[in-house]
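Enquirer: Dropping the sequence and predicted coords here.
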Amino acid sequence: MPSKNGENITPSHSMTQTEWEEMMARKVLAYTTDALLVDFRYMGSAFQILQAVPDGQITTLAVDGAKLHYSAEQLIRVFRTNEKYLNRLYLHVLLHCLFQHLWIGGTRDRMRWHIACDIAVEYVIDQLKQPSVHRIIGWLREQTYRELSEYGDGISAAVVYRWLEEKDMEQLAALRQEFFTDDHRYWPKQEQRRAVPSPVQNKWQQAARQISLEQKRQGDDPQKGQRLLAQQMKEGQTRRSYRDFLKKFAVYQEELALDPDEFDLNFYTYGLRLYGNLPLVEPVESSEVCKILDFVVVVDTSYSTSGELVQGFLQETFQILTGQDSFFRKARIWVLQCDETVQKEDVICSKEELDRLFTDFEIYGGGGTDFRPAFERVQELTKQGAFERLCGLLYFTDGKGIYPTEKPPYKTAFLFLNDYEEEKVPVWAMRLKVDEGQWQRHAGRMENNDEH
């Protein structure tokens, strides 16, 4: 097997076949990295994060965020016949990490989420149109991109997932076969995801920011594929950072669930074997978890805030809040629409009530902005015993209004659409400047899928 520089790389008598394959596989990975860096020189930081490890359980590449699992036999075999496929494969797994796909799946159906992530990544690679990863696009792939293009250029994994929800199992099987590239078995499962980013996830977020800066330093007008790459990295960071921000309102409380750390499984099963139906230790039927309970969301419906932005904000926020890993089973969300006074009040206790809220969503208000009436209403609800445990209040606004002077007995955060006058915001309030485009994209996508 000759190498690309003419070196003869046949097995040596001094090493085993396995040792030779692992050595050659690492050379193949190094050569693939060099080939990709010719076209994607701004992605150098991403190639430094993964530690390559051989894995006899897989037949392709797989990542867990920290390690790049590879099949030595497959790398060598494919390198001999189709090195460009390896380029795409390597870039594919890197983009999964840069787009945060491993950590933002939430409670979505795992099979559909994995297919959606593969489609989103392959779409970006095909749009990059670089020689090192170029391939001929077949009919099914072209048809898929055509249907997804109705959503605009911003085809993220979340958008593809909603598109996949209307597909039957036969269609899903065909799409899975068409877009299958890497093995996702090492992605963190729902119960393994943390409320705050892990150190390795922080590395990928930092790499994504660095890549974005490197793209800007080039100074050229970015092609469509590069714009998609930058947008996907930003969206993954924005959504995750907002999810982490909402976790600040979580509280610890017992919830009915099996807690394997609270009992000895060996004694439990031994009792069942010995006595038939009498375990020696009963399993604890509750565990202490950190989630959000009662929560108030206030939206500024003054004349300066558009209905599209409000709807997009609510949909994005509720999608995160109502995830199984974020919210208690009996949690409730109070939604207040407020300009100079509280115009409308809704209480969301189930997904059905949430769906009804957005079926014929309408903004109530249009006057000036005064934040105080919303806080006064929450105080009234507290006196009435409406809340079991109020975790906090989130106020979505452009920031131009009258703030309350007294600190409420619950956490409060203002989410600002625009630059705000920091000196006017009470010192006791958390504040977050949000990306207006995030809410606009989310509202637009949901509007395109209302019939589903």
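Expert: Alright, I've got the coordinates. Since we're looking at a predicted model, the values are computed, not measured.
Enquirer: quick one: pLDDT of residue 128?
Expert: Residue 128 is assigned a predicted lDDT (pLDDT) of 85.
Enquirer: Kindly apply the preceding question to residue 217 instead.
Expert: Note on residue 217: pLDDT of 70.
Enquirer: ok, and it, which helix or strand is that part of?
Expert: helix 199-218 (DSSP states H and E).
Enquirer: how close does residue 148 get to residue 142?
Expert: 11 Å (Cβ to Cβ, to the nearest Å). Where you see a C-beta, it was placed from the backbone N, CA and C, and this is true even at glycine.
Enquirer: To clarify, my last question referred to residue 402.
Expert: Noted for residue 402: a distance of 55 Å to residue 142, by Cβ to Cβ.
Enquirer: which of the two has more neighbours?
Expert: Between residue 402 and residue 142, residue 402 has the larger neighbour count (other Cβ atoms under 10 Å), namely 13 against 10.
Enquirer: List the beta-bridge partners for the more buried one.
Expert: For residue 402, the beta-bridge partners under DSSP bridges are residue 370.
Enquirer: Report the contact partners of it.
Expert: Contact analysis of residue 402 by Cβ atoms under 8 Å, 6 or more residues apart in numbering lists 369-372.
Enquirer: and the residues you listed as CSV, adding pLDDT and distance to residue 318?
Expert: Listed next are the contacts of residue 402 as CSV, based on pLDDT from 0 to 100; distance: Cβ to Cβ, whole Å:
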residue, pLDDT, distance to residue 318
369, 83, 23
370, 90, 25
371, 92, 21
372, 93, 25
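Enquirer: with those in mind, which one is nearest to residue 134?
Expert: Residue 134 lies nearest to residue 369 out of the contacts of residue 402, by Cβ to Cβ, at 52.5 Å.
Enquirer: burial count for the closest one?
Expert: Around residue 369 there are 20 residues (other Cβ under 10 Å).
Enquirer: Strands along the stretch 251-400 of the chain, start to end?
Expert: Here the stretch 251-400 of the chain has its strands, by DSSP state E, counting those that start in this stretch, at 251-256, 286-291, 294-300, 333-338, 342-348, 390-397.
Enquirer: so of those strands, which one's packed in deepest?
Expert: strand 294-300 (a mean of 25; mean count of other Cβ atoms under 10 Å).
Enquirer: quick check: mean pLDDT across it?
Expert: Here strand 294-300 scores 86 as its mean pLDDT.
Enquirer: which other helices and strands contact it?
Expert: helix 307-321, strand 333-338, helix 372-383, strand 390-397 (3 or more Cβ pairs under 8 Å, 6 or more residues apart in numbering; DSSP states H and E).
Enquirer: Which of these comes out lowest on mean pLDDT?
Expert: helix 307-321 (a mean of 67).
Enquirer: if we can go back for a sec, and which of the contacts of residue 402 is nearest residue 163?
Expert: For the contacts of residue 402, the nearest to residue 163 is residue 369 (37.3 Å; Cβ to Cβ).
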